[in-house]
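In: what's the 3D shape of this:
(one chain, ligands or ions: 2)
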Amino acid sequence: MSQTSRENGPAQDEPVRGLIFNIQKFSLHDGSGIRTLVFLKGCPLTCQWCANPEGQSYAPELACRPDKCIGTSECDRCVKVCEVDAIRLGEDGRVEISRELCTDCGKCVDACPSKALELFGTWMSVDELIRVVEEDSSFYARSGGGVTLSGGEPLAQTDFVLAFLEKARARGLDTTLETSGLGKWEDLEQVCRLVNHVFFDIKILDPAKHEEGAGVGNERILQNISKLSETFPDLPVTVRTPVVPGFNDAPEDIRAIADFLDRLPGLRVEYELLPYHRLGESKYSQLGKTYPLEGLEPPPKEHIDDLRQLLDR
Ligand code: SF4
Ligand code: SF4
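Out: Numbering: from 1, shown residues only. Ligands and ions are numbered 1, 2, ... in the order given. You can find the predicted model right below:
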């Protein structure tokens, strides 16, 4: 999804709205059956391996793909509409964005004929999102699917998430949450009352290493999964670990997480390993950011198989 938004979010007396950076339809992962994935903007973590860097900030964000630009000798529409002179000519004749000047207003996105410019982040009301999600209701009914809220971190927009989930449940939709686990327990608790399934990330148990890789410690995340276990013993939870070479791919890192999960009371938990991949790498340069793990190769399949076997013992 790449709709333009020039709005700054809802005013106080308006219905709650959510800032969404992608809606992916017909997903066969992230929950049962055929699903619609809704990606909400804003995340308190800054994982070095993040495949959705456009989900980290809490505001709309301009992305630029110079390879799609037809060149400022042919077209300078974006330059003309930008009121703060944030668009300049690159050495190859295509546009570059001065990030220190750009206000992410989105005016250049509407002006660009070649879709070289895109604004990540569209404000949507609950009813607008329900309408989009329900376009595929017949597929959910046949496959046992539904809607999965992801991000970013959905708990960063709890008011919107709760309002959406209440309406979705009232309309019979199956609901799933994907969370980093970092948010207020009170928020997570309320959201868990309105979902059929939770995907919960645990990256590593060591708090110092967690802070190194994800930008924040993991104390609250571990507290939250413990409380989740006590409070919702019947809620299906899938814990997932992104396996990142040099960060958490040692057998003892994975074993430690599995042992921690074994000690949790009551949780109906499955544990999955997700191999690190580089699919989000190109988005960093589009956003004017540097990819933190440049040159890091995904782990060999055999190594992931060995780690999975370790969990079977
Ligand atoms: S999004 Fe940035 S570059 Fe584009 S018109 Fe607005 S300020 Fe200029
Ligand atoms: S409007 Fe689009 S195609 Fe034209 S110069 Fe700007 S980025 Fe390039």
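In: Would you tell me which residues of this structure are close to ligand 1?
Out: 62, 81-82, 84, 86-87, 97, 102-108 (Cβ under 6 Å from any ligand atom). Quick note: C-beta positions are derived from backbone N, CA and C, even for glycine.
In: at 8 Å instead, please
Out: Within the chain, the residues that sit near ligand 1 (Cβ under 8 Å from any ligand atom) are 62, 78, 81-87, 97-98, 101-109, 111, 117, 119.
In: and ligand 2, which of these reach it?
Out: Within those, those near ligand 2 by Cβ under 8 Å from any ligand atom are C78, I87, C108, A111, L117.
In: any idea how far F199 is from ligand 1?
Out: Here F199 is placed at a distance of 33 Å from ligand 1 (Cβ to the nearest ligand atom, to the nearest Å).
In: and that residue, what helix or strand is that in?
Out: strand 197-201 (DSSP states H and E).
In: So among the residues of the chain next to ligand 1, which ones count as buried?
Out: Among those, the ones that count as buried by 16 or more other Cβ atoms under 10 Å are 62, 78, 82, 86-87, 97, 102, 104-109, 111, 117, 119.
In: wait, W49 sits on P242?
Out: Yes - counting by Cβ atoms under 8 Å, P242 is a contact partner of W49 at 6.1 Å.
In: Quick check: neighbours shared by the two?
Out: Y276 (Cβ atoms under 8 Å, 6 or more residues apart in numbering).
In: Now do the contacts for the closest residue to ligand 1 within the stretch 201-313 of the chain.
Out: Closest residue of the stretch 201-313 of the chain to ligand 1, Cβ to the nearest ligand atom: G288 (10.7 Å). Counting by Cβ under 8 Å, 6+ apart, G288 touches C64, I97, R99.
In: quick one: which of the buried ones among the residues of the chain next to ligand 1 sit in strands?
Out: If you go by DSSP state E, these have L62, I87, I97, L117, L119 in strands.
In: any idea how far the second one is from E74?
Out: The one in question is I87. 15 Å (Cβ to Cβ, to the nearest Å).
In: One more: the third one?
Out: When Cβ to Cβ is applied, the distance between I97 and E74 equals 19 Å.
In: With the fourth one instead?
Out: As defined by Cβ to Cβ, L117 lies at a distance of 15 Å from E74.
In: Check Q309 too.
Out: 57 Å.
In: contacting residues for the closest residue to C82 other than its chain neighbours?
Out: Sequence neighbours aside, C108 is the residue nearest to C82 in space, at 5.5 Å (criterion: Cβ to Cβ, 6 or more residues apart in numbering). By Cβ under 8 Å, 6+ apart, the residues touching C108 are L62, R77, C78, V81, C82, I87, L117.
In: Widest-spaced pair of those?
Out: Checked with Cβ to Cβ, the contacts of C108 reach their widest spread between L62 and R77, with 15.0 Å between them.
In: quick one: stretch 111-120 to chain centroid distance?
Out: 22 Å (Cα atoms, centre = their mean, to the nearest Å).
In: what's the straight distance from one end of that stretch to the other?
Out: 16 Å (Cα to Cα, to the nearest Å).
In: what residues does it touch?
Out: 2-5, 21-22, 41, 54-55, 60-70, 75, 77-78, 80-81, 94-95, 104, 106, 108-109, 286-287.
In: what do you get for stretch 201-209?
Out: Residues contacting stretch 201-209 (Cβ under 8 Å, 6+ apart): 47, 179-181, 210, 213-214, 217-219, 221-222, 225, 239-242, 247-248, 253, 256-257, 260-261.
In: End to end on that stretch, go ahead and measure it.
Out: Using Cα to Cα, first and last residues of stretch 201-209 are 15 Å apart.
In: how about it: buried residues?
Out: Those would be D201, I202, K203, I204, L205, K209, for stretch 201-209 by 16+ other Cβ under 10 Å.
In: which one of the residues you listed sits closest to P298?
Out: For these, the nearest to P298 is K203 (16.4 Å; Cβ to Cβ).
In: Check the offset of stretch 43-52 from the chain's centre.
Out: 8 Å.
In: Just the buried residues of that stretch, please?
Out: Applying 16+ other Cβ under 10 Å to stretch 43-52 flags C43, P44, L45, C47, W49, C50, N52 as buried.
In: strands paired with the biggest strand by length in the chain, and their directions?
Out: Determined from DSSP E, the single longest strand within the chain is strand 17-27. When pairing is defined by DSSP bridges, strand 17-27 lines up against strand 35-40 (antiparallel), strand 122-125 (antiparallel).
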